[in-house]
Structure formats: structure tokens, C-alpha cells
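Chemist: Following is a predicted model, sequence given first.
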Amino acid sequence: MISPIERRKKEHLELCAKKDVSFKNKTTLLEFVELNYLALPEINFSEINLSTNFLGKNFSFPFLVSAITGGAQVSKKVNTEIAQACQEMGIGMGLGSMRAMLEQPSLTETYYVRDVAPDIFISGNLGAAQLKQYSPKEMNDALQAIEANALAIHINAAQEAMQPEGDLDFSGVVEKITEYAEQLSVPVYVKEVGHGVSYETAMLLRKTKIAAIDTQGAGGTSWTRVDSLRHKKSFGEEFRDIGVPTAVSIIETKNAIAGTNKKIIASGGIRNGVEATKAIILGADMVGNALPILQAQTKKGTNAIKNYLENFKKEMQITSFLLGCKNISELQKQEYVILGKLKEWLEQN
Ligand SMILES: Cc1cc2nc3c(=O)[nH]c(=O)nc-3n(C[C@H](O)[C@H](O)[C@H](O)COP(=O)(O)O)c2cc1C
């Protein structure tokens, strides 16, 4: 018998692989960020090195695959193929929500990828609304069982509101995040799921001991869309485009955490290396995405993911070259121009 959580995990994978699950009219607004193109970059392309260290682990370029799955039998194959590609590329990956394995420990193996990825950064995952159901000690044990390097706590109020079985008690969540960040033996970071972290949300998280915020802004996969497709009836479409566009989310998060040592992961609809480089220039330390990785995995497994990531890295290197930047810290000092809708959004906030 398949449990309700396992069924949901399976449906998420199938819907994301087969249906149009993107935002309808809203974009990331990264198209309104213009870069300082240099016709004379005065560097040698071969000097460009985008490697970095994030929460104690080395990355060959600043890419962290966003959380996708775990908990269904099909998750094992998906996670293994993503992990193999990440190990070969020298980057990190996020696992999907660990609620299924916390409820049913026999599902632990659907998350375990250390056998194929001994060296990479791996983050475990749990929903903020579910924190109250487990103690930090239980979570620590679960993270140890899969040999994770960090915990990503996802904040997904919009998504939960679309689920007939959704958990809508978000009271006391910041306090729980605070407790987890203080008590776990690995770093904790907070991620949205594609509707974006705003200035106000980042300010609430500023005072906690979390190590990073993963913005997961609007403009890519819409989780209100995915979950409304699951139950097909009543409502959902009205909320498809709700959220803070990725470019706004990066800038507002950067402003909110200024002066702390918290890191920013930029994500949500980032689809190529040019957009990723713009995100770094806006102030992110890392970038990531989920849907393109799942689509590549569905098509042709590890090799397709690797090809996608190799292209992505090349696009980041070429963009850096055309700006005359050799590394991430030079990119983060780059100037840029903000136009149109993005400018309007920022001016009014
Ligand atoms: C099939 C699938 C399952 C996902 N499951 C989770 C999850 O369990 N926990 C989580 O934090 N995010 C989950 N996400 C959300 C992604 O991590 C990411 O926040 C979101 O898809 C937006 O990024 P994108 O536009 O690059 O897809 C999932 C994404 C996909 C495609």
C-alpha cells in the first residue's frame, strides 16, 4: 500500500515532468537587469575561476540543485542520477522533504546518495509548518542517517494553501526555525519553494542563526499551480502567479541581511548561466534550480543532467568573460543597470 505522502511525491514528479507548471504572466524580472558589457575585457578566458566554498564545502561553480524529491520509490533513481551528475561536476544538491522518512524510516534509502556522491554538499529538507511535529534531536538523527551537510527548511504557505491536506498552521514558525538553527549539529538555511522571500520575510529571519536564505523567487515553477493541478477542482489558478519575482527577492533579501554573515542562494526560474550570473551580480553567493534538472533527468538521466550543467557553467564563464571578471568576488562588485518593471517594483518598496 502506498502512503498519502508517497502518492503526493509521485504526483509532484509526474506533474512537473509532463505539465506546464510555470508562472503564467509573471517572470523573474531578471530580464530588466542590464550588464556592463565590455568589448575589451582585458582578461584571458582561461583565468576565469568560478569555484567557491559554501557552508564549508567546495563547489567548482556556485550551483546548488534545489530540493526535488525523496520518499517515493521512484525518488531513489531521481536522487541517485542527480547526485552522480553533481559529484562529477563538483557541485551540491538538495534532497526533497524528509517528512516521508521521518514518518516511515524504511524510506530512508530513497534519500541516501552518499554511495554515489561521497564528496558533495548535500542538504536535507523539511517544511517549516512540520517543524513542530519533530524534535531537533529526531531531525539530527535523520540528517545523520543520510549523511547530509545542512538542513533546508522550506517555507511554502502558498503551496500548503492549495493542498486539501495542507498544513496551514504557520504560527510560531520563526521560533521553531530559531530553535532548529541553534540545536542542529549542521547549518540550517531557509528556502521558499518558488513564490519568493520578500524584505519583510528576510527581516524576520535575520535575527535567527540560520546560515543562508534561498530566495526561490517567482517566475519559474509555480507550486500553487502544481498543487492545484493535483486536486483539479475548485480553486488554484487564481494563485498561479502569486509571489515576489526572483530579481526583487534577491535584492530585498540582500538589503534585509546586510551586515550579517548570512549567505544568499538565488533561485526560482533561473534557467541559464546568463541569468545566474546576473543573480550573483545582484548579490547572491550561490544559484540553483529544480525544474530543468528534473526535466534533464527524466529525458536521459545522469548524462543529460551533466550536459545541462556543463552548458550552464560555460554560460556563466562566458558572461563573466564579457564583463572582464575572473571570479565571484569580482562579479559581486560589478555595476549594473535596472530598467522597467524591476525598477518600478523596487522604487515603490
Ligand atoms: C518535482 C519537484 C519536487 C519538489 N519538492 C520539494 C521539496 O520536497 N522541498 C522543497 O523545499 N522544495 C521542493 N521543490 C521546489 C524546488 O526546490 C524549487 O524551490 C522550485 O521548484 C522553484 O525552482 P525552479 O523554478 O527552478 O523549479 C520541488 C520541485 C520539484 C520540481
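Modeler: Everything's here; your move. Numbers count the residues shown, from 1 in each chain.
Chemist: Give me every residue in the stretch 101-250 of the chain lying close to the ligand.
Modeler: 125, 154, 191, 193, 194, 216, 220, 221 (Cβ under 6 Å from any ligand atom). Any C-beta I mention is one placed from the backbone N, CA and C, and that applies to glycine too.
Chemist: tell me the two of the residues you listed that are most distant?
Modeler: 125 and 220 (17.6 Å; Cβ to Cβ).
Chemist: so who does the residue in the chain that the ligand sits nearest to touch?
Modeler: Closest approach between the chain and the ligand, counting by Cβ to the nearest ligand atom: residue 220, at 2.2 Å. For residue 220, the contacting residues are 22-23, 28, 194, 246, 267-271, 289-291, by Cβ atoms under 8 Å, 6 or more residues apart in numbering.
Chemist: longest helix anywhere in this structure?
Modeler: For the chain, the helix with the greatest residue count under DSSP state H is helix 291-321.
Chemist: Would you mark the buried spots in the next helix or strand after it?
Modeler: Downstream of helix 291-321, the first helix or strand assigned by DSSP states H and E is helix 328-332. Neighbour counts using 16 or more other Cβ atoms under 10 Å place 328, 331 of helix 328-332 among the buried residues.
Chemist: Over to stretch 3-11?
Modeler: 5, 6, 8, 9, 10, 11.
Chemist: again, but for stretch 107-114
Modeler: 107, 108, 109, 110, 111, 112, 113.
Chemist: next one: stretch 154-164
Modeler: Residues 154, 155, 156, 157, 158, 159, 160, 161, 162, 163 are the ones in stretch 154-164 that count as buried (16+ other Cβ under 10 Å).
Chemist: swap in stretch 20-32?
Modeler: Buried, per 16+ other Cβ under 10 Å, within stretch 20-32: 21, 22, 23, 26, 27, 28, 29, 30, 32.
Chemist: Export those residues to a markdown table and append columns for distance to residue 324.
Modeler: Output for the buried residues of stretch 20-32, formatted as a markdown table (distance: Cβ to Cβ, whole Å):
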| residue | distance to residue 324 |
| --- | --- |
| 21 | 38 |
| 22 | 34 |
| 23 | 34 |
| 26 | 33 |
| 27 | 28 |
| 28 | 25 |
| 29 | 25 |
| 30 | 21 |
| 32 | 22 |
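Chemist: quick one, helices of the stretch 101-250 of the chain?
Modeler: With helices called from DSSP state H, counting those that start in this stretch, the stretch 101-250 of the chain shows them at 136-145, 157-162, 173-183, 199-206, 223-231, 246-256.
Chemist: pLDDT of the second one, averaged?
Modeler: What it means is helix 157-162. In this model, helix 157-162 has a mean pLDDT of 95.
Chemist: one step back: let's see which of the residues of the stretch 101-250 of the chain next to the ligand end up in strands.
Modeler: Members of these lying in strands (criterion: DSSP state E): 125, 154, 191.
Chemist: residues in contact with the residue nearest the centre of the chain?
Modeler: Centroid check for the chain by Cα atoms, centre = their mean gives residue 66 as the closest residue, at 3.7 Å. By Cβ under 8 Å, 6+ apart, the contact list for residue 66 reads 94, 191, 214, 216, 267, 288, 289, 290, 293.
Chemist: thought residue 341 was touching residue 26?
Modeler: No - under the criterion of Cβ atoms under 8 Å, residue 341 is not in contact with residue 26, lying 10.0 Å apart.
Chemist: check contacts around residue 130.
Modeler: Contacts of residue 130 (Cβ under 8 Å, 6+ apart): 97, 99, 167.
Chemist: possible to save those residues as CSV with pLDDT and neighbour count?
Modeler: Formatted as CSV, the contacts of residue 130 follow (pLDDT from 0 to 100; neighbours: other Cβ atoms under 10 Å):
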residue, pLDDT, neighbour count
97, 98, 25
99, 96, 22
167, 94, 17
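Chemist: Settle this for me: residue 301 is touching residue 81, isn't it.
Modeler: Yes - when contacts are counted by Cβ under 8 Å, residue 301 is listed as touching residue 81 (4.7 Å).
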